[in-house]
Every structure is written in structure tokens, then in C-alpha cells.
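> everything below, folded, please.
(2 chains)
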Amino acid sequence: MTTKYDRIKGAYLGCAIGDAMGAPTETRPTDLIKKDVGGGRYVKKFVEPRPDTLAAGQPAGQCTDDFSVSYLSSKAFIEAGGITKEAAEKAMVEWSKYDRYYIAHSGPTSKKAIALIKGEEVDTKNDYACCNNSAATNGAGMKAWVAGVFNMGNVEKAIEDAMTMCKVTHDNPVALSAAAAVAAATAVAMTKNSTLDDVVSAGLYGAHEGYERSWKFTKPSAGASVEDRIRMAVTIGVNYANDFDGLLKEMAGLVGTGLNANEAIPAAFGFFVAAKGKVMDAIYMGVNCGNDTDTIAAITGAMCGAYSGAKDIPSNYMSFLSEANDLDIKGLIDAVDKFTD
Amino acid sequence: MSDRRSKILGSLLAASVADAMGCCTENGSIETIKKYFGGLCTDIVDMPEGSFPHGGTTKGVVTDDFSIAYYSAEEFLKDGKVSEEGAKRAVIRWFDEPDSKYTRYAGPTSRAAYNRIKGIPMPHTKQDNLVTRNREASNGAAMKVGIIGLLNAGNVDKAIDEAIVMCKVTHDNAIALSGACAIAAATAKAMEERVSWLEVVEAGFYGAREGYKRSVDITVPTCGATIERRMEYAIDLGLQYQDDFDEAMESISKIIGTGLPANEAVPAAFGIITAVKGDIWKTILMAVNAGDDTDTVGCMAGFIVGALEGPGVLKDKYLDLINRENGFDLEKMAEDIDTYLGGN
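Model prediction:
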């Protein structure tokens, strides 16, 4: 039987593995991932990033923003006794002190938000526009699974906490819709008798509710619907579950696998379904799908880990990743387990 | 006026009207636009200072979309041919114009291209080390390329080749160019006699596919959703809601998206044309009210449906306004393009 501890471990490791394995493939399309990074094959292990990547200069196994922000946010929430705005802000400021993550991997939306929290000057020349469309990025969804782990089985609280946590950086209903989708899906994935359908349904509900609720407090935004695109991605996931090449081509070609919240998060759901919740299978899909590979692999890895636990994750990955990132991953997993008792 | 010249004028006019009207709604979501205008935006209006979204604009002034197209056409007509040099000259003239009404709308990719052409050094960013330029898969190529369809009326294949020549100057990216070729090919096809929106959409598919194929090996590598695949989906939605304006607009906006990326704006334009069967006024209305990059979607779709139908009611209503506010002479340009095409 998969225990709660095992699911927490699966979620944190799933995120870390997806992030670290995807860092060397990020920004490339699938054919160049195979050709340049995988030596003619799909990438299924940790490799040292090439000089022509955002992760250039990092050792194999080092994560980017996806896991490191999630890690520091989790720590801050435990310290604060729950998910609060203050703790979320503190975690982002703390994160910006980690040169190895912040310098190469801070996304456009988070970077501006951190500067605002710190009271620094920011570029406001586009702030006159009524809508904040350029903030509809995946940096909210990448960390929002944490709100699902902290609220296992409680979809409503997961959605609220995801918005509390993510509006600190992403004042945008499309980005928060994606965050609420990931949090709601993860909250259900953490429960022991949930099915794939339960997780997807929770994700669609979260996307819908996150969008509706966040309109009341965020700056407005245009942008394609995360909810509708999750449906599209899940259809592709079901259709191509047994065709790895076709799955990647169709997901990248139609849904898209880029920086935008309405591409990356739907793709993560599509891979969750195609992999039937198996952690490593889903991560391989994310790592090789092209574009924002590390974020998609990190999110789908976290959701699958919450669903399936850590049993299929190679046992040496925990110590390898902890060392490569100089982070106490096991210590955090223990702390989250205790906190959620 | 000959039929051909009338079709050319229709194309120029529909593109410029949609651009000027879209300037009033750009960046808004469907909901915020409805709220501001108390329903659909159905006319070109002044936007008061500070108002949503481009405050302080005078009605009738177009944005970057049609103005770059117009400047480019002037260069090509002067040279008697489409060339990389002509395209570059147009970009430089457009950016360098003193007191320009248009440069405030300049997109990120076109601005970077201008700096590159002029040899203006840009601050080094971490993006510069990458093998791909995924952010350059934007709609700034497709927005201006309708003009290439007019200069190649009826010649879809040549329109595709020349779309690449013109747009590669700013958009060295196979997804952006695939989108541009789709619009150029569809506009070229729409210039033929006895064609409907169906043949035009088919030519757009051909352009998207061929444009990608012909540019992928001569451009910086890129990844992103494909124009072709999203076009299929957008057209499917357009067909599904062909008799339901609101449903068509909302579903295209929600599922395909109408934003800055070429793989949203271009498929959306074809979805809209399909939904209204190429009707010129309904195309403009739907594009202008669909949210996000409304003026660009409208300008691209306008080039196509204007060529299909001719100027119709737009002439009396808007020709003087557009000419006056922008210092254009669209009738003269239509005449020059007609002469450039020869024959007839």
C-alpha cells in the first residue's frame, strides 16, 4: 500500500527529477533534444547541460526554478504554520539569494514580482494597459502543486491556498487558473483511492474555479483558457497513450509546450493521463516534448508522484539530487509529512 | 474601377479599418471589451487619454500592423519588385520617422530586427546563448504580409516565396514564417475570380505547410505549436459555430487564443473567416471583439476577406478617415499594385 509519506516523497522527488532532467533539454524542440542532447535517442537520464542552454555551467542533476522555488516555499509554509501571503513572499525573496537558481532561471513574471516585494524599481511602461496578458505564464503552476500536497483531499482549500501562494508573483487569472488546476489535481492525487479521472476532474474544476475566483482580485487578462486546453491535452493523452512519438508531436504541435500557463500546464495534465500516473514515464514525456520541458516534467512529475508514490523512482536519485543541489530533500519530506499529520 | 483593382482596394481598406478599430480594443479580454463598449465595439472611435487600452489615440490612426505593411508596399512598388533590401528599407524608414504615430506599437521582434539591421548593439541576455529563438515566433511577420498576397495576386506559390523574403528580415523563425505564408497565400488566392472562403482557407493551409517547409532549414531553430495543427482546430471551431457569432468568437478566443504568438493569431484569423464565411464586416467585428491582439488578427484577416469581397460599404464609411489620419492614399496604392501586376 502506498502511504502518505510515500506520496509526499513521490511528489517532491517527481518535481525535482523532472526539473533536473529537463534543464538540459529546455528551449529545444524534440528533434534537437534527441540529436544534440540524447545522442540520437530520447533523454532518460541526468546529463550535463550544454553551453547553449539556460542551464549552461550547471552540473548534471542541478534543478532550475521549478523545484527550488517549490522547496523553499514548502519550508516557509511549515515555518509559518500554513500557506500565507507573507510566507510566499518570504520564500521568493529567499530564493532570489540563491545565485545558482535565480540568475539563470528567474522567469519574467516572478523576477518583476520579487523586485516589487523588495521595493526595487521595476519597468512600468506597459502597466497602463487594462490587461496584464504577459503575466499569464507558467511560474504559478510550477510551484502550486505544493498547495495540493499541503491540502491532501481538500480541493477547495488547495485552490484557495494556491491562489494565496501564487498571486504574490502572478497577478493574472490565466496563470492562477493554471495554479489552481495543479493544486486541486494534486490534492486529489494524494488521496489513496483516487482514479486518474478523479485527478483530471479535480484539475478541470480547479482551472475553472481558479479563473472565476481570481477575476475578482487580479488585474484582468486576455488569453486562451487553461480549462479548455486541459481538455484538449487530456484527449491527446488518451489517444496517444501507447505512441510516444505521436504523443509528443501532437502535444507540442497543438497544445504547445511553452512558457505560457495555457500551454505548459495543460501539457502536464496530458502527460499525466498518457503515463497513467506513473512518475518516470510522465517525466520522460515532459523532458522530451520540447520548449519548456523542465517545467512540464516537474509539474507532471509532482502530480504523478502524489498519485503513485515513490516506488518506481530509482532509489539513488534522492541522494544524487540532494547533493547536486545542496538541499536537504529528505529533511523537507519528513517535515511536510509531520506537518500534514 | 476594374474588378481586380477593386479587390485590391478592398483588401487594403479592410486591413486598415480592422487595424484602426482593433486599436480601440487591443489587449482587452472579451469581457473587458464588452464592459467598456457596452456590448460589441462596432466602430472606430477616439480613445480618451488614460482609457482602456490605447489611451490618447485619435480615431482612424492605424497601428504597426497596417502601417508597416503600407511602408513595405511603397518600397516594393518603387523598386518594381519584392526584395530583402526593400523590406529592410521599409523597417528602417518606419522606425526612423520623426514624431511617428506608429512606433509606440512596435513589437519586440521587429524592434530587435531594426537594431540588428542598423548595427545598434543590444545588451547581451541569457537568451542569446540558446540554439532556439522561441520567443520570435510572434505574429509580426504575418501582420504585414497581406501586401505580398496582393503583389502576387493569383500566384500562391510565389506569394509564399516572397513572404519569406520580406518577413525573414524581421522574423528569422519558421513558425512566424509559416504563419506569414499562410496569410500571404490566402490573400493571393482571394484575389482570384470566383473563389469563396473555402478555397482561400485551403490556400492558407498550403501556405502554412509550405512556408514551414521552405523556411525551416534557413532560419534559426525554433519550437512551438504549429500553425497548421492549430489552424485545423480553429477552422473546426469556425465550422462548428458557423451560425453562432458569439459562440464562434468565444471558443476561438478561449481554445486557440488570439495573442501575440503567431500560432495563436494566425489560426484565429482563419477560424474567424470560416465562422463568418468570409463576410468582410463580420470578420472585422469578430476579430476586433475577440480580445488580446485584436488589431493584428483583424489586419491579417482583413487583407484576406477584403481581397475576396472588395471594399463594399467600407469605402464610403472609412476610406477618407483612414487616408486623412494616416497620410495614406489607398486608392492610389491600389492603382499602383494593379499596374505592378500588369496584364488585364
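> worst-scoring helix or strand of the chain, pLDDT-wise?
Answering for chain A, as no chain was given. In chain A, the helix or strand scored least confidently by mean pLDDT, DSSP states H and E is helix A:108-117, which has a mean of 90.
> ah, no, chain B please
Here the helix or strand of chain B ranked lowest by mean pLDDT, DSSP H and E is helix B:108-118, holding a mean of 91.
> then that one to PDB, C-alphas only?
The C-alpha coordinates for helix B:108-118 follow below in PDB (Å, rounded to 0.1, in the frame of the first residue of the first chain):
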ATOM      1  CA  PRO B 108       9.700  43.100 -29.600                       C
ATOM      2  CA  THR B 109      10.900  41.000 -32.500                       C
ATOM      3  CA  SER B 110      10.600  43.900 -35.100                       C
ATOM      4  CA  ARG B 111      12.500  46.200 -32.700                       C
ATOM      5  CA  ALA B 112      15.300  43.700 -32.300                       C
ATOM      6  CA  ALA B 113      15.500  43.300 -36.000                       C
ATOM      7  CA  TYR B 114      15.700  47.100 -36.500                       C
ATOM      8  CA  ASN B 115      18.600  47.200 -34.100                       C
ATOM      9  CA  ARG B 116      20.300  44.300 -35.900                       C
ATOM     10  CA  ILE B 117      19.900  46.000 -39.300                       C
ATOM     11  CA  LYS B 118      21.200  49.300 -38.000                       C
END
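> packing partners for the helix or strand following that helix?
Counting by DSSP states H and E, the next helix or strand C-terminal to helix B:108-118 is helix B:146-151. Judged by 3 or more CB pairs under 8 Å, 6 or more residues apart in numbering or on different chains; DSSP states H and E, helix B:146-151 is in contact with helix B:3-22, helix B:64-79, helix B:156-168, helix B:174-190, helix B:294-309, helix B:330-341. C-beta here means a position set from N, CA and C on the backbone, and glycine is covered the same way.
> what lies in contact with helix B:146-151?
For helix B:146-151, contacts defined as CB atoms under 8 Å, 6 or more residues apart in numbering or on different chains pick out B:8, B:11-12, B:15, B:69-70, B:72-73, B:76, B:82, B:159, B:162-163, B:166, B:183-191, B:299-300, B:302-304, B:307, B:337, B:340-341.
> restrict that helix to CA atoms and write it as CSV.
Output of helix B:146-151 as CSV, limited to C-alpha atoms (Å, rounded to 0.1, in the frame of the first residue of the first chain):
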residue,chain,number,x,y,z
GLY,B,146,-1.0,40.5,-46.7
ILE,B,147,0.6,43.0,-49.0
ILE,B,148,2.7,40.2,-50.6
GLY,B,149,-0.5,38.4,-51.4
LEU,B,150,-1.7,41.4,-53.3
LEU,B,151,1.6,41.8,-55.2
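> what is the rounded mean pLDDT of that helix?
For helix B:146-151, mean pLDDT is 98.
> got the buried residues for it?
B:G146, B:I147, B:I148, B:G149, B:L150, B:L151 (16 or more other CB atoms under 10 Å in any protein chain shown).
> number of residues surrounding residue 109?
This is for chain A. By the other CB atoms under 10 Å in any protein chain shown criterion, the neighbourhood of A:T109 contains 23 residues.
> wrong one, I was asking about chain B
By other CB under 10 Å, 23 other residues sit near B:T109.
> swap in A:A115?
Here the number of neighbours of A:A115 (other CB under 10 Å) works out to 15.
> distance check, it against A:V37.
Distance of A:A115 to A:V37, given as CB to CB, to the nearest Å: 33 Å.
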